[in-house]
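Novice: coords below, sequence missing:
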């Protein structure tokens, strides 16, 4: 769906340096390596039907990257609302929610004073300000934002990022390779906290559940458009100074492996369509070009619904990244238009009065966490247990979808092959990949040989010679970064896996591409013969293949532990998808389907 402007330049530059030119076969996976600072210049606009299908795929991709697919159980929030402070025309209360058993999210609830009936609800997510939701200075004032929303007749809930203020059981930055196997990271925990915060606001007796909106700037803007993308209960969204084609968010809470494979923030923000969306932008940061690119691009998506008037842009000339008074003013007018259209339109003016003291708004100031509050290690183990339980009840079809999402792989509808002397090169139309292979036509069930040292090593095996003597059809491949597919690559940037697949994910895809090629050649089930680490690559590729595959796993010394995945098959989210157990179930299902035939 996206085309980075830098692609052609990168390809030319990489060709000069030799990047991606393994054996003379350029592979875009070694060259086109997007990052958070890639400048994307195109958002494809398909038909409405195609967009709806695309949106559903992206929603699953986001949720899986966050570790939230399937969705964890919504355990009781046990909300505690206390410490009410009354100002002239609004009240503010302290809140904590148990978003997961033993894990607590803190925040403040701003309400209109002396109001009756049901009011619109607003979620307020903060950016990376020093004091988080309680920051109060010219560039951003969380208390002033909450107070003004309450004065305007809204019930606003401002809540913490992980590692800020009252939400300190886990840090703001966490999640190494081991945690990535389980999709346990700050982006996922924060998105889950946002979903649970929405559950809380929706449950309040003075909130109209059909009029809930969200706003936030910077990292809070990322949370805003992510939640709007995956949860239709957000009826209007106003991400401020974050939706950009030039910078995708540099913090750990804005990135997770697999999050932006084939996409970028502008397309994710467009997933709010056809619900009202306000893009706030400024001349002094990466949103400086929103009026000329991001806003018109998203308008085209809204046009598919006939709703171009429901996406708008408020652009300000200001030298710094911010959520200042003018930016907030645009958000107030936006909410007034869509959440309280029956009231007389008026200019919203923030009152210059001191907010309650920071320490008076802190939830756990002078008190400890509730009994039973968990440590980081205990929360991580709970996350893993939740993953195991949620996967255990899935159907075969859902398990296959989970594993495909983890592998970030596809079964190609078509495989192209081009001759190169004694070799052929397999590729997927439009994907830019290149899989060198040696093809020996023959009779009977095709044999795919995968060796971690490449096709030449495969041809030196006893398996190859026996099959060749029997006249079988044989394909030996150089999977990604093996054999003739080895190539130099630029040094990966931070958050590489948010935009790019791991080497092992690419290898599983290459095996699927080879299987699809052989399936085009013969209706007989393909047999895979693999050695060493390639046996694990092949096992997971075979598990998600939609056609029967014969793979001998007897004697395989791989038991699916975290340590084994880290050493032999590093795929973010693989354990979240059920790991080896899921692959084994899918292979058994294939065998059962075959025997049933």
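Specialist: That came through, no problem. Source: prediction; values computed, not measured.
Novice: looking at it, residue 573 is touching residue 64, isn't it?
Specialist: Yes: if you go by C-beta atoms under 8 Å, residue 573 and residue 64 touch, sitting 6.2 Å apart. For every residue, glycine as well, the C-beta is placed using N, CA and C.
Novice: Point out where this protein drops to low pLDDT.
Specialist: 1-24, 593-597 (pLDDT under 70).
Novice: got the domain boundaries for it?
Specialist: For the chain, automatic domain parsing gives the domain ranges 2-33+396-596, 49-386.
Novice: between those domains, which gets nearest to residue 43?
Specialist: Among the domains of the chain, domain 49-386 comes nearest to residue 43, with 4.3 Å by C-beta to C-beta.
Novice: that older thread, can you add distance to residue 39 and mean neighbour count and give the domains of the chain back as JSON lines?
Specialist: Formatted as JSON lines, the domains of the chain follow (distance: least, C-beta to C-beta, whole Å; neighbours: other C-beta atoms under 10 Å):
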{"stretch": "domain 2-33+396-596", "distance to residue 39": "5", "mean neighbour count": "19"}
{"stretch": "domain 49-386", "distance to residue 39": "5", "mean neighbour count": "20"}
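Novice: For those domains, give me TSV that also has distance to residue 41.
Specialist: Output for the domains of the chain, formatted as TSV (distance: least, C-beta to C-beta, whole Å):
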stretch	distance to residue 41
domain 2-33+396-596	4
domain 49-386	7
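Novice: among these, which is nearest residue 42?
Specialist: Residue 42 lies closest to domain 2-33+396-596 among the domains of the chain, at 4.1 Å (C-beta to C-beta).
Novice: now the closest one: how far from the chain's centre is it?
Specialist: 23 Å (C-alpha atoms, centre = their mean, to the nearest Å).
Novice: residue ranges for the helices of the stretch 351-500 of the chain, please.
Specialist: Along the stretch 351-500 of the chain, counting by DSSP state H, counting those that start in this stretch, helices occupy 358-361, 376-392, 396-407, 455-459, 462-469, 496-499.
Novice: how about TSV for these, with distance to residue 319 added?
Specialist: TSV is the format used below for the helices of the stretch 351-500 of the chain (distance: least, C-beta to C-beta, whole Å):
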stretch	distance to residue 319
helix 358-361	27
helix 376-392	39
helix 396-407	42
helix 455-459	57
helix 462-469	66
helix 496-499	29
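Novice: right, and these - which one's nearest residue 283?
Specialist: helix 496-499 (26.8 Å).
Novice: by contact count, what packs against the closest one?
Specialist: Contact analysis of helix 496-499 by 3 or more C-beta pairs under 8 Å, 6 or more residues apart in numbering; DSSP states H and E lists no helix or strand as a packing neighbour.
Novice: And the next helix or strand past that helix?
Specialist: helix 503-521 (DSSP states H and E).
Novice: Could you check the angle that next one makes with helix 396-407?
Specialist: Per axes from the mean of the first three to the mean of the last three C-alpha atoms, to 10 degrees, the angle that helix 503-521 makes with helix 396-407 is 130 degrees.
Novice: could you point out which element follows helix 503-521?
Specialist: strand 526-530.
Novice: the inter-axis angle of that next one versus helix 503-521?
Specialist: Using the same axes, to 10 degrees: strand 526-530 against helix 503-521 is 150 degrees.
Novice: So what are the sheet partners of strand 526-530 and their directions?
Specialist: Strand 526-530 pairs in its sheet with strand 443-450 (parallel), strand 549-551 (parallel), by DSSP bridges.
Novice: Nearest to residue 214 among the ones you listed would be which one?
Specialist: Nearest of the strands paired with strand 526-530 (C-beta to C-beta): strand 549-551, 45.1 Å.
Novice: Strands of the stretch 1-150 of the chain, residue ranges please.
Specialist: With strands called from DSSP state E, counting those that start in this stretch, the stretch 1-150 of the chain shows them at 2-4, 40-43, 80-86, 90-100, 103-112, 119-125, 136-137, 140-141.
Novice: partners of the third one in the sheet?
Specialist: Based on DSSP bridges, the strands next to strand 80-86 in the sheet, each with its direction, are strand 90-100 (antiparallel).
Novice: Also the fifth one?
Specialist: Neighbouring strands of strand 103-112 in its sheet, by DSSP bridges, are strand 90-100 (antiparallel), strand 155-159 (antiparallel).
Novice: what about it, distance to the chain center?
Specialist: 26 Å.
Novice: Also the third one?
Specialist: Mean C-alpha position of strand 80-86 versus that of the full chain (C-alpha atoms, centre = their mean) differs by 35 Å.
Novice: Use 542 as the first number for this chain going forward.
Specialist: With 542 as the first residue, the last one maps to strand 621-627.
Novice: hmm, who's touching it?
Specialist: 632-638, 650, 654, 897, 901 (C-beta atoms under 8 Å, 6 or more residues apart in numbering).
Novice: that older thread, figure out which of the helices of the stretch 892-1041 of the chain is closest to residue 736.
Specialist: The nearest among the helices of the stretch 892-1041 of the chain, by C-beta to C-beta, is helix 917-933 at 13.8 Å.
Novice: Output the contacting helices and strands for the closest one.
Specialist: strand 631-641.
Novice: Distance of the closest residue to residue 592 other than its chain neighbours relative to residue 809?
Specialist: Distances taken as C-beta to C-beta, 6 or more residues apart in numbering put residue 845 closest to residue 592, at 5.7 Å, once the chain neighbours are dropped. When C-beta to C-beta, to the nearest Å is applied, the distance between residue 845 and residue 809 equals 16 Å.
Novice: now swap in residue 597 and tell me
Specialist: 13 Å.
Novice: coming back round to it: now the common contact residues for residue 1114 and residue 605.
Specialist: Joint contacts of residue 1114 and residue 605 (C-beta under 8 Å, 6+ apart) are 724, 799, 946-947.
Novice: which residues touch the residue in the chain sticking out farthest from the centre?
Specialist: Distance to the chain centre peaks in the chain at residue 1010, reaching 48.4 Å (criterion: C-alpha atoms, centre = their mean). By C-beta under 8 Å, 6+ apart, the contact set of residue 1010 is empty.
Novice: what residues are up against the closest residue in space to residue 767 that isn't next to it in sequence?
Specialist: Using C-beta to C-beta, 6+ apart and skipping the chain neighbours, the partner closest in space to residue 767 is residue 732 (5.8 Å). Shown in contact with residue 732 (C-beta under 8 Å, 6+ apart): 607, 609, 764, 767-768, 771.
Novice: what's the most distant pair in those?
Specialist: For the contacts of residue 732, and using C-beta to C-beta, no pair is farther apart than 609 and 764, which are 13.6 Å apart.
Novice: Just give the closest residue to residue 659, not the sequence neighbours.
Specialist: Going by C-beta to C-beta, 6+ apart, residue 659 has residue 749 as its nearest residue, at 4.1 Å.
Novice: Please identify the helix or strand for the one you found.
Specialist: strand 748-758.
Novice: In its sheet, which strands sit next to that strand, and in what direction?
Specialist: In its sheet, and by DSSP bridges, strand 748-758 pairs with strand 660-666 (parallel), strand 777-781 (parallel).
Novice: next one: the last one to chain centre, how far?
Specialist: So the one you mean is strand 777-781. For strand 777-781 - counting by C-alpha atoms, centre = their mean - the centre lies 19 Å from the chain centre.
Novice: Which residue is the nearest non-sequential neighbour of the residue nearest to the spatial centre of the chain?
Specialist: Nearest to the mean C-alpha position of the chain, by C-alpha atoms, centre = their mean, lies residue 800 at 2.6 Å. Leaving aside its chain neighbours, residue 800 sits nearest to residue 606 (4.2 Å; criterion: C-beta to C-beta, 6+ apart).
Novice: Pretty sure the residue nearest to residue 659 sits against residue 695.
Specialist: No: in this structure residue 749 lies outside contact range of residue 695 using C-beta under 8 Å: 10.2 Å.
Novice: which residues do the two both contact?
Specialist: 660-662.
Novice: out of the residues you listed, who's nearest residue 571?
Specialist: residue 662 (47.9 Å).
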